[in-house]
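*Asks:* Any chance you can model this:
(chains A and B)
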Amino acid sequence: MTAPNHRWRQYKNVLMQAVTLACAIVVVAPLVLIFYHLVRQGFSSINWAFFTQLPKPVGEPGGGMANAIVGTFILLGQAALLGVPIGVFGGVYLSEYGTSRLNWWVRFAADILNGVPSITWGIVVYALLVVPMKTFSALAGGVVLGLMMIPLVMRTTEEVLQLVPNGYREAALALGIAKWRTITQIVVRTALKGIITGILLALARVAGETAPLMFTALGNRFWTHQLTEPIAALPLQIFEYAKSPYEDWWRQAWAGALVLLLFVLFLNTGVRFLTRDRFRKQP
Amino acid sequence: MNSTMTPDEEKIVPQVGQASKAESRWPTSDAQFSTPDPRPSRPPALPALGVRHLSVFFGTNHVLKDVSLDVTARAVTAIIGPSGCGKSTFLRALNRMHELVPEARMTGEIRLFGEDIYAPAIEPVVVRRRVGMVFQKSNPFPTMSIAENVTVGLRLNGVRHRKQLAERTEQSLRMAALWDEVKDRLSAPAISLSGGQQQRLCIARALAVQPEVLLMDEPASALDPLATSKIEDLILELKKNYTIVIVTHNMQQAARMSDYTAFFYLGELVEFDATRKIFTSPAKKQTEDYVTGRFG
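*Replies:* Next up, the predicted model:
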């Protein structure tokens, strides 16, 4: 039997399908656009010198961003040292120990912190570290990125630990295994891939942060020899070059942006690789 | 066992020879609760678990009400009753697993071969090493191999000796009637086994820490009939050396396997007697109605 408005329904169906498809394309389009632009503008400037040389003074052609690339890794290393242990331990506490009342407040605080604008983080660490030390420093840059990582890592760690079936905890405890060993050897081990995924995603997220570094790491046109000196970072260097009036620097900024994007893509692909077989073998 | 033990705890190390000493503190002549031994050739022994006036509360919810019974050593005691009657809670109270529920509390007394397992100096971890547990849903650790699953209880309690671990692996897997099926792939992931094999692996894992009592919470209810019969044969074999308490929804299973049966209803122990008696001439009408399938 055909409903009286059958045609109109079919028409609506096709229309809505087209709308959802269009929205899906809009999600993907910016990535394609960004990638296309970066490759077109920046690829020609990527060469061996870009990865091995310091920036050249204005007017001199060539030079690279070696110090900024290394600087980004140093900053991320410091951030991981601060953010990973606190974030993971905090997540373990939330999932395995905390009382529901306290957990509510900790989760609430972490979610608020995840939404705090990154420039605010920069100002806070500026006031807490840069002003007392009377210098911008790599240390302050690492601290600000690390602080931003803590709530990210904590929430993902908690979530993946909650995914571990309670049966495993009970099985371990029923064997007379102490609670802390149950947590470290059974629960965390079962959820390890998820925890690492969360850490990598948090690193990818803070790797591109620029605003907080402007107040802390500041940037540096030379090599940094101590953590108490200002340090270069890719996002800072991109920002500085992009706002300069020199065409040569613009090209380098494009190249830097391309390298940064490739790095973040690499981290994200690593995550895909790690989580690949998570649902393949179910007991 | 390890250095964290206080002198008080050392006394609870199980010794069959100590039975007479403990007996003096814990008389078995408590005629009210004692049950006739179906195997008259054995002398009356100290109960593996002596439960007296056990009540368990979850918050304000009174789940178990004044339960008293003796679990005979080297025998199978079945716990039956409709869902929500407190069977699982009773089982979990026997090795203090119910304490994992926040706001759980208990009154009364449970003695393991005469020793109060709720004494202030006793840690739940120590109780659980002596009273093992097998769950309804098989739960081998997915990150570990078959052999690692068997020895995990030993390894995480500090046993490092390789030869000892290997010996205990074989011994436990043999006891769980799994050795012949897995001996060639001990390092394969545990979750590559079939459901029935996984459950027998969990039994082997529980046996590897050499508990005195084995608690089983519907160990076969998620398995097909063939795997179920394997588990049942295994239990009958195990009772030669172990004391087994099994919760089951399957009346035939209780009748086939157990020496004693306890019928729980609404948190109370309605009747506890030799299995034959429960299934042929129960003292209470409620029990008769339940075992004949008239309710529940």
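
*Asks:* What residue in the stretch 51-200 of chain A comes nearest to chain B?
*Replies:* A:Gly176 (3.2 Å; Cβ to the nearest Cβ). C-beta coordinates here come from the backbone N, C-alpha and C atoms, glycine included.

*Asks:* Go ahead and list the helix or strand containing A:Gly167.
*Replies:* helix A:166-174 (DSSP states H and E).

*Asks:* Quick check: what element follows that helix along the chain?
*Replies:* helix A:179-181.

*Asks:* and the residue of the stretch 51-200 of chain A closest to chain B, what does it touch?
*Replies:* Neighbour list for A:Gly176: B:125-130, B:153, B:157, B:209 [criterion: Cβ atoms under 8 Å, 6 or more residues apart in numbering or on different chains].

*Asks:* Kindly indicate the member of those residues with the most neighbours.
*Replies:* Neighbour tally across the contacts of A:Gly176 (other Cβ atoms under 10 Å in any protein chain shown): the maximum, 27 neighbours, falls on B:Gly153.

*Asks:* so it is in which element?
*Replies:* helix B:146-155.

*Asks:* Report pLDDT for the closest residue to chain A within chain B.
*Replies:* Of all residues in chain B, B:Arg129 sits closest to chain A, at 3.2 Å by Cβ to the nearest Cβ. What the model reports for B:Arg129 is a pLDDT of 94.

*Asks:* Can you name the residues of chain B that neighbour chain A?
*Replies:* Residues of chain B lying close to chain A by Cβ under 8 Å from any Cβ of the partner chain are B:95, B:97, B:100, B:125-130, B:132-133, B:135, B:137-143, B:152-153, B:156-157, B:189, B:191-192, B:198, B:202, B:205-206, B:209.

*Asks:* out of the residues you listed, which are inside helices?
*Replies:* Among the residues of chain B next to chain A, the residues falling in helices (DSSP state H) are B:125-130, B:152-153, B:198, B:202, B:205-206.

*Asks:* With distance to A:Trp105 as added columns, please give those in a markdown table.
*Replies:* Below are these laid out as a markdown table (distance: Cβ to Cβ, whole Å):
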| residue | distance to A:Trp105 |
| --- | --- |
| B:Val125 | 31 |
| B:Val126 | 35 |
| B:Val127 | 34 |
| B:Arg128 | 33 |
| B:Arg129 | 37 |
| B:Arg130 | 40 |
| B:Val152 | 36 |
| B:Gly153 | 37 |
| B:Gln198 | 40 |
| B:Cys202 | 38 |
| B:Arg205 | 39 |
| B:Ala206 | 39 |
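
*Asks:* and these, which two are the farthest apart?
*Replies:* B:Val126 and B:Gln198 (27.5 Å; Cβ to Cβ).

*Asks:* on that earlier part again, ok, and the closest non-adjacent residue to the residue of the stretch 51-200 of chain A closest to chain B?
*Replies:* Once flanking residues are discounted, A:Gly176 sits nearest to B:Arg129: 3.2 Å by Cβ to Cβ, 6 or more residues apart in numbering or on different chains.

*Asks:* Who are the contact partners of that neighbour?
*Replies:* B:Arg129 touches A:175-176, B:1, B:153, B:157, B:209, B:211, counting by Cβ under 8 Å, 6+ apart.

*Asks:* any low-confidence regions in the stretch 51-200 of chain A?
*Replies:* The stretch 51-200 of chain A contains no residues with pLDDT under 70.

*Asks:* my bad, should have said the stretch 51-200 of chain B
*Replies:* For the stretch 51-200 of chain B (pLDDT under 70), the answer is none.

*Asks:* For the residue nearest the centre of chain A, which non-adjacent residue is closest in space?
*Replies:* Taking Cα atoms, centre = their mean, the centroid of chain A lies closest to A:Arg205, which sits 1.8 Å from it. Once flanking residues are discounted, A:Arg205 sits nearest to A:Leu152: 6.4 Å by Cβ to Cβ, 6+ apart.

*Asks:* so what secondary structure elements neighbour the strand or helix carrying that neighbour?
*Replies:* For A:Leu152, the host element (DSSP H and E) is helix A:138-163. Under the contact criterion of 3 or more Cβ pairs under 8 Å, 6 or more residues apart in numbering or on different chains; DSSP states H and E, helix A:138-163 touches helix A:66-92, helix A:100-115, helix A:118-125, helix A:192-207, helix A:211-214.

*Asks:* buried stuff in that helix?
*Replies:* Neighbour-count burial for helix A:138-163 flags A:138-161 (criterion: 16 or more other Cβ atoms under 10 Å in any protein chain shown).

*Asks:* Output the set of residues of the stretch 151-283 of chain A in proximity to chain B.
*Replies:* So far as Cβ under 8 Å from any Cβ goes, the stretch 151-283 of chain A lies against chain B at A:165, A:167-178, A:181-182, A:185-186, A:189-190, A:192, A:281-283.

*Asks:* 10 Å instead, please
*Replies:* Those residues of the stretch 151-283 of chain A that sit near chain B, judged by Cβ under 10 Å from any Cβ of the partner chain, are A:164-179, A:181-182, A:184-186, A:188-193, A:281-283.

*Asks:* Just the angle for the helix holding B:Gly153 relative to helix A:166-174, thanks.
*Replies:* 50 degrees (axes from the mean of the first three to the mean of the last three Cα atoms, to 10 degrees).

*Asks:* Flag every buried residue along whichever helix or strand comes after helix B:146-155.
*Replies:* With elements assigned by DSSP H and E, the helix or strand that comes after helix B:146-155 is helix B:162-175. Using 16+ other Cβ under 10 Å as the test for burial, helix B:162-175 gives B:165, B:168-169, B:171-173, B:175.

*Asks:* now swap in stretch A:224-233 and tell me
*Replies:* Of all the residues in stretch A:224-233, those buried under the rule 16+ other Cβ under 10 Å are A:224, A:229-233.

*Asks:* Then stretch A:122-138?
*Replies:* Result for stretch A:122-138 [16+ other Cβ under 10 Å]: buried residues A:122-126, A:129-130, A:136-138.

*Asks:* centre of the chain versus the longest helix belonging to chain A, how much separation?
*Replies:* For chain A, the longest helix by residue count, based on DSSP H, is helix A:6-42. The chain centroid and the centroid of helix A:6-42 are separated by 26 Å under Cα atoms, centre = their mean, to the nearest Å.

*Asks:* May I have the helix or strand just after that helix exported as CSV, CA atoms only?
*Replies:* Using DSSP H and E, the helix or strand that follows helix A:6-42 in sequence is helix A:48-52. Output of helix A:48-52 as CSV, limited to C-alpha atoms (Å, rounded to 0.1, in the frame of the first residue of the first chain):
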residue,chain,number,x,y,z
TRP,A,48,68.2,19.1,4.5
ALA,A,49,69.2,22.6,5.7
PHE,A,50,65.7,23.1,7.2
PHE,A,51,66.3,20.3,9.7
THR,A,52,69.9,21.0,10.4
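
*Asks:* Counting by contacts, list what helix A:48-52 packs against.
*Replies:* helix A:66-92, helix A:247-275 (3 or more Cβ pairs under 10 Å, 6 or more residues apart in numbering or on different chains; DSSP states H and E).

*Asks:* This completes my enquiry, with thanks.
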